[in-house]
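Participant: Sequence unavailable; structure follows:
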């Protein structure tokens, strides 16, 4: 076009580059369907999402319920907020020492039991009911902190942002439903919150432990991870495929093309 003759070597390099670009694999786009496409992955995804939903409902339900109890509503809410500090500090210690599943199970069952006991407290023991609900908020806060970490570790890399995003959506839905649960008459609001928390605490025991385990990269890795965990095999021995990196456009080739 500009009356410049390119060397045959340069033309050959351009042809080879075009062929390589045509043969490159197009990255697959993952959707929410991929999180439930296989039975192994669906069990994990639905269990994690349900845990977030119940944790959100319990956490926000107890936070809003604190101002409805007898006493100074500002002081009640302040106590409900301050109890989160030791809860998160304890999580840091337990996550490093014990793992994810056992503390998550214990905190959810503990928080649920506190709610159920508080629901049957007589009127003249409202101060004790407030104390139990505040301690229950401690358990809900700790469980919320743990499920955050576990979710980021349990979803494979290719769908991790999608899985955690749906999880936070589930928690938001739980928080949105919490005010309606608090409208239940008499002791039923705390009773329902406590019961679903205990049931969910039992369900999380069916999730694989992620402490000190390699992060799954693909959905196939995640399925192998789940099967090996359920069969009692060591997941540390799993070897994940490294993601493919396009190294065709290196500095030398770019310089040659210019």
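Facilitator: Arrived safely. Remember, predicted model here, so these are calculated numbers, not experimental data.

Participant: Now for the chain, the helix or strand with the poorest mean pLDDT.
Facilitator: Among the helical and strand segments of the chain, the one scoring lowest on mean pLDDT, DSSP states H and E is helix 251-257, with a mean of 43.

Participant: List the contacts of residue 83.
Facilitator: 134, 135, 137, 138, 141 (CB atoms under 8 Å, 6 or more residues apart in numbering). Every residue, glycine included, has its C-beta placed from N, CA and C.

Participant: where are the low-confidence patches of the stretch 151-258 of the chain?
Facilitator: For the stretch 151-258 of the chain, the stretches with pLDDT under 70 are 225, 228-258.

Participant: oh sorry, the question was meant for the stretch 1-150 of the chain
Facilitator: By pLDDT under 70, the weakly predicted segments of the stretch 1-150 of the chain are 1-4, 6, 8, 10-11, 18-26.

Participant: what about 90?
Facilitator: Applying pLDDT under 90 to the stretch 1-150 of the chain flags residues 1-32, 34-41, 65-73, 76, 80, 92, 96, 99, 119-130.

Participant: can you give me the helices in the stretch 1-150 of the chain?
Facilitator: 8-23, 39-65, 73-82, 84-97, 101-119, 126-154 (DSSP state H, counting those that start in this stretch).

Participant: okay, now residue 193: neighbour count?
Facilitator: Residue 193: 31 surrounding residues under other CB atoms under 10 Å.

Participant: right, and it touches residue 181 too?
Facilitator: Yes: when contacts are counted by CB atoms under 8 Å, residue 193 is listed as touching residue 181 (6.4 Å).

Participant: Nearest to residue 49 among the contacts of residue 83?
Facilitator: residue 141 (19.6 Å; CB to CB).

Participant: and the closest one, what is it in contact with?
Facilitator: By CB under 8 Å, 6+ apart, the residues touching residue 141 are 59, 83, 84, 87, 88.

Participant: how close does the fourth one sit to residue 142?
Facilitator: Just to be clear, that refers to residue 87. 4 Å (CB to CB, to the nearest Å).

Participant: With residue 151 instead?
Facilitator: Distance from residue 151 to residue 142, by CB to CB: 15 Å.

Participant: any residues in contact with both of residue 193 and residue 181?
Facilitator: 57, 61.

Participant: list the contacts for the closest residue to residue 144 other than its chain neighbours?
Facilitator: Once flanking residues are discounted, residue 144 sits nearest to residue 55: 4.9 Å by CB to CB, 6 or more residues apart in numbering. By CB under 8 Å, 6+ apart, the contact list for residue 55 reads 108, 140, 143, 144, 147, 171, 174, 200.

Participant: what does residue 190 give?
Facilitator: With CB under 8 Å, 6+ apart, residue 190 has these contacts: 65, 115, 116, 118, 119, 133.

Participant: quick one, what contacts the closest residue in space to the fourth one that isn't next to it in sequence?
Facilitator: Computed as CB to CB, 6+ apart, the closest residue to residue 118 that is not its neighbour in sequence is residue 132, at 3.8 Å. Going by CB under 8 Å, 6+ apart, residue 132 touches 114, 115, 117, 118, 121.

Participant: Show me which of those residues are buried.
Facilitator: Taking 16 or more other CB atoms under 10 Å as the criterion, what is buried in those is 114, 115, 117, 118, 121.

Participant: Save those residues as TSV, and put in distance to residue 27 too.
Facilitator: Putting the buried ones among the contacts of residue 132 into TSV (distance: CB to CB, whole Å) gives the following:
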residue	distance to residue 27
114	48
115	46
117	52
118	51
121	57
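
Participant: And those residues, which is closest to residue 16?
Facilitator: Residue 16 lies nearest to residue 115 out of these, by CB to CB, at 67.5 Å.

Participant: Please, which helix or strand holds the closest residue to that closest one other than its chain neighbours?
Facilitator: Closest residue in space to residue 115, ignoring its immediate chain neighbours: residue 194 at 3.3 Å, by CB to CB, 6+ apart. Using DSSP states H and E, residue 194 sits within helix 188-203.

Participant: Name the residues of that helix that are buried.
Facilitator: 189, 190, 191, 192, 193, 194, 196, 197, 198, 200, 201, 203.
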